[in-house]
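> next one to model:
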Amino acid sequence: MDSFDESTPKMKRNANQVKSTPSFKLPPGMRKVVWQGKFLPAFWSIGASLSVLLNIILLIAVILLGRELFTIKRILMNDVVGGLYYNFLLMDQATIQTDVQVDDSIPVQFDLPLTQNTVVVLTQDTLIEDATVSLSTGGLNIVQAPTDIVLPKGTRLPVALDLSVPVDTRVPITLTVPVDIPLNQTELHEPFVGLQDVVSPWFWMLVNQPNSWPQARCAYLGLNCP
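As a prediction, the model looks like this:
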């Protein structure tokens, strides 16, 4: 009990020292501006400040964008949408022009009629049996006597040809064939027209829009129209 009584005054002195330690305090004017002890008013003040700052940033962005609005519109109309629309038109009107090299052989089968008079030359002695011979020489006269005769090699005989010659062969061909194919007469015509129909409304919408702020004021507000 004695030891407990001796320690009690020390604990009280320590508590008094803690209470008497000075704490950091803002000046009254600064404390009133920074913190008023109310959470919701402080929250709404910070939110309003951020909202004003964001609106200022967006206003600056809109002003900068507005200055370049018609430049962007011109780029879209001429280079992007207009470029697509114009090139789709050209693709549908284009043709494929080239030269095709052909190097092949083709089969040929037919009967060749041959009717003409010609002279043939015997290439060897030719026996003609049961020929009818008429001969008159000196005191000898033979009239239409049947006999066998031999025509010597080199004898020229006039003949009349009337026959059909069968032809069955392959003929080699080598030639250059020019090719000119209009694309609007092929299966590509339909997809090209479909692409034009997709891009066309956007292109003409941009074409019909004003190209400057004075034109925009005249078109939408009716002000300062020439």
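
> list the contacts of the residue most central in space within the chain.
For the chain, the residue nearest the mean C-alpha position is residue 91 (9.0 Å; CA atoms, centre = their mean). For residue 91, the contacting residues are 183, 188, 192, by CB atoms under 8 Å, 6 or more residues apart in numbering. The C-beta positions use only the backbone N, C-alpha and C, and glycine is treated the same way.

> out of these, which is most surrounded?
residue 192 (20 neighbours; other CB atoms under 10 Å).

> tell me the contacts of it?
Going by CB under 8 Å, 6+ apart, the list of residues near residue 192 reads 88, 91, 92, 183, 184.

> got TSV for the contacts of residue 91, with distance to residue 113, pLDDT and secondary structure too?
Compiled in TSV, the contacts of residue 91 are given as follows (distance: CB to CB, whole Å; pLDDT from 0 to 100; DSSP: H, G, I helix; E, B strand; the rest coil):
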residue	distance to residue 113	pLDDT	secondary structure
183	47	89	helix
188	49	89	coil
192	54	89	helix
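
> quickly name whichever of the residues you listed is closest to residue 63.
residue 192 (42.2 Å; CB to CB).

> may I ask which helix or strand encompasses the residue nearest to the closest one when sequence neighbours are not counted?
Distances taken as CB to CB, 6 or more residues apart in numbering place residue 92 nearest to residue 192, at 4.0 Å, with adjacent residues excluded. Assigned by DSSP states H and E, residue 92 belongs to helix 81-93.

> least confident secondary structure element in the protein?
Ranking every helix and strand in the chain by mean pLDDT, DSSP states H and E puts helix 2-20 at the bottom, with a mean of 46.

> so for stretch 145-155, mean pLDDT?
In this model, stretch 145-155 has a mean pLDDT of 85.

> give me the contacts around it.
With CB under 8 Å, 6+ apart, stretch 145-155 has contacts from 121-135, 157.

> next: stretch 196-205.
77, 81, 82, 84, 85, 88, 89, 92.

> now the fourth one, nearest residue through space, not along the chain?
Excluding its sequence neighbours, the residue lying closest to residue 84 (CB to CB, 6+ apart) is residue 199, at 5.0 Å.

> how about the contacts of stretch 145-155, which pair is most distant?
Distance extremes for those: the farthest pair is 123 and 134 at 27.5 Å, using CB to CB.

> before we move on, back to that, how much space is there between the residue nearest to residue 192 and residue 69?
33 Å (CB to CB, to the nearest Å).
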